[in-house]
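Novice: 3D, please:
(one chain, ligands or ions: 1)
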Amino acid sequence: EQQEEDTLRELRLFLRCVTDRLILDRRFKAFSKPVDKEQVPDYLTVVRHPMDLSTVLSKIDRQKYITVREYLHDVDQIWENALEYNPEDDPYDRQIRHRACALKDTVHAIIKDELKEDFERSCEQIKETR
Ligand SMILES: CC(=O)c1nc(NC(=O)[C@H]2CNCCN2)sc1-c1cc(O)cc(O)c1
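Specialist: Numbers count the residues shown, from 1 in each chain. Next up, the predicted model:
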C-alpha cells in the first residue's frame with residue numbers, strides 16, 4: 001500500500017545518492033560503464049555476470065531493488081568480476097584489484113554508516129510479502 005511505496009521511493013533515493021558518489025570517485029572509473037566487448041573481446045568468456053555502476057543506476061530507476069541487500073549483491077559482483085578478470089601479478093591487474101576492493105569496502109562502509117537497520121528490515125519485510 002502507500003506506506004510501502006513511500007519506503008521503496010526512499011530506498012531508491014538513498015541508493016541513487018550512494019551510487020552517484022561512487023560514480024564521481026575517479027578510482028572507480030573502470031567500473032562506471034559496461035566493459036566494451038569490442039575493446040576487451042575475451043571479457044565475456046571469463047566474466048559470467050558482468051555488472052557496472054551505470055547498470056546499477058538503471059536498475060534502481062527500473063525498481064529492480066526492493067532491499068539494500070539486492071543492491072549490495074550487484075555492487076559486490078563488480079568487485080568479484082574485477083578480481084576474476086585481473087588475477088595476475090601484473091601492475092595493471094594489481095591496481096584494478098586494489099580499486100575494486102576500495103569500491104566494495106567504500107559501499108559497505110557507507111551503508112553501515114548511513115542506513116538505519118530498521119529501514120532495511122522494513123524493505124526485507126516488503127520483499128517477503130511480494
Ligand atoms: C573493468 C576491468 O575489469 C578491466 N580489466 C582490465 N584488465 C586488463 O586490461 C588486464 C588483464 N590482465 C592482463 C593485463 N591487462 S581492463 C578493464 C577495463 C577498464 C576500463 O577502464 C574500461 C573497461 O571497459 C575495462
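Novice: what's around the closest residue to Cys123 other than its chain neighbours, how many residues?
Specialist: Take Cys123 and drop its neighbours on the chain: the residue closest to it by C-beta to C-beta, 6 or more residues apart in numbering is Thr67, 4.4 Å away. All C-beta spots, glycine's among them, are computed from the backbone N, C-alpha and C. For Thr67, the number of neighbouring residues by other C-beta atoms under 10 Å comes to 19.
Novice: and Thr67, what does it touch?
Specialist: Residues counted as contacts of Thr67 (C-beta atoms under 8 Å, 6 or more residues apart in numbering) are 11, 120, 123-124, 127.
Novice: highest neighbour count among these?
Specialist: Of the contacts of Thr67, Leu11 is surrounded by the most neighbours, 24 neighbours in total, counting by other C-beta under 10 Å.
Novice: thought it was touching Ile66?
Specialist: Yes. Checked against C-beta atoms under 8 Å, the pair Leu11 and Ile66 is within contact range at 7.5 Å.
Novice: what residues do those two have in common as contacts?
Specialist: Residues touching both Leu11 and Ile66 by C-beta under 8 Å, 6+ apart: Cys123.
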